[in-house]
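**Student:** Make a model of this:
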Amino acid sequence: MIDRTGLADFLRRRRESLQPEDVGLPRGRRRRTSGLRREEVAVLCHMSTDYYARLERERGPQPSEQMIAAIAQGLRLSLDERDHLFRLAGQTPPPRGVGSEHIGPGLLRILDRLQDTPAEIVTELGETLRQTPLGIALTGDLTGYSGPARSLGYRWFTDPTTRGLYAPDDHPFLTRMFVSGLRGVATLRGPGSRAAHYVDLLLAESEEFRQVWHDHEVGIRPDEVKHFVHPEVGPLELTCQRLLDPDQSHFLLVYTAVPGSESYEKLQLLSVIGTQALRRTSSGARAGE
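**Tutor:** Presented below is the predicted three-dimensional model:
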């Protein structure tokens with residue numbers, strides 16, 4: 001059963017322990033609260049302020065697993081804290097490790113400080129869980145896909161538009177890399193895993209995948225230098241640094257350009273274009289309200 005008093009107290013304590021700069025938010029002026037405001041937590045958790053406030057006031061319906069997961073992520077909880085939150089809400093904590101989409105607070109703290117850099121957090125299957133604003137400006141919002149299409153490797157063989165973002169000369173290597181990577185994860189995780197399911201789907205859906213799969217290549221690693229073809233700023237040569245959270249098998253990918261290079265200048269332009277696009281989207285949303 002839900003422990004409303006314990007849940008409300010835990011949420012309030014965690015909210016008050018966080019500062020805006022801890023979660024990538026501006027502090028602003030005339031701040032009276034000791035930590036985050038309820039409306040700020042609601043934004044981080046992608047829910048209404050009223051819904052979140054009712055939980056802190058020991059009111060409202062029992063939150064669903066999806067809502068609790070969103071709150072755990074928004075409040076930057078550790079896995080132990082996440083599990084505790086689920087139990088307070090009367091829910092069974094989800095599994096840890098492989099397959100878990102709860103991003104560790106360490107990776108999120110780093111991502112929150114990379115707002116002027118293209119960066120994303122992905123699973124071992126190439127499923128994007130979170131992006132910085134400039135990451136969205138670079139590749140588009142990759143978090144909106146569902147099902148197998150969440151995996152970049154799956155989309156590479158089933159959605160032709162996916163390849164348009166990458167330099168054509170790199171396509172043959174990327175094809176082999178995606179197949180090799182999926183083979184490695186499927187072998188590591190075994191039959192019945194999501195990776196094995198993706199293999200079965202692609203063997204049935206893509207002749208190209210079948211041909212490369214039968215070559216049985218393993219160990220093909222991503223190149224450090226990536227060549228993008230952006231629809232507005234054109235070719236970009238970016239270096240990709242990878243940081244692994246071994247507990248969750250999540251990767252933080254950070255894309256940078258050599259200072260003074262043409263790609264560096266294009267990234268600066270892209271940051272302006274991306275900001276303007278976000279403002280247009282926000283203005284359009286407000287106009288439709």
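**Student:** Would you map the strands across this protein?
**Tutor:** Ranges of strands in the chain, per DSSP state E, are 119-123, 128-131, 225-230, 234-245, 250-256.
**Student:** Could you pull up the residues touching residue 231?
**Tutor:** Neighbouring residues of residue 231 by CB atoms under 8 Å, 6 or more residues apart in numbering: residue 164. In this view, the C-beta of every residue, glycine as well, is placed from N, C-alpha and C.
**Student:** Can you tell me how far it is from residue 134?
**Tutor:** Separation of residue 231 from residue 134 (CB to CB, to the nearest Å) stands at 15 Å.
**Student:** Show the pLDDT at the closest residue to residue 58 other than its chain neighbours.
**Tutor:** Closest residue to residue 58 in three dimensions, ignoring its sequence neighbours and counting by CB to CB, 6 or more residues apart in numbering: residue 4, at 4.2 Å. Residue 4 carries a pLDDT value of 94.
**Student:** What is the neighbour count of residue 4?
**Tutor:** As a burial measure, residue 4 scores 17 neighbours (other CB atoms under 10 Å).
**Student:** now it: how far from residue 74?
**Tutor:** Relative to residue 74, residue 4 is positioned 20 Å away (CB to CB).
**Student:** Please name the residues that touch the residue nearest to residue 182 when sequence neighbours are not counted.
**Tutor:** Of all residues not flanking residue 182 in the chain, residue 153 sits nearest, at 5.4 Å (CB to CB, 6+ apart). Residue 153 is in contact with 125-126, 178-179, 181-182, 198, counting by CB under 8 Å, 6+ apart.
**Student:** same thing but 7 Å
**Tutor:** The neighbours of residue 153, taking CB atoms under 7 Å, 6 or more residues apart in numbering as the test, are 125-126, 178, 181-182.
**Student:** try residue 64
**Tutor:** Counting by CB under 7 Å, 6+ apart, residue 64 makes contact with nothing.
**Student:** and if you look at residue 195?
**Tutor:** Residue 195 makes contacts with 125, 182, 185-186, 189, as judged by CB under 7 Å, 6+ apart.
**Student:** ok, 8 Å please
**Tutor:** Neighbours of residue 195 in contact, by CB under 8 Å, 6+ apart: 124-125, 182, 185-186, 188-189.
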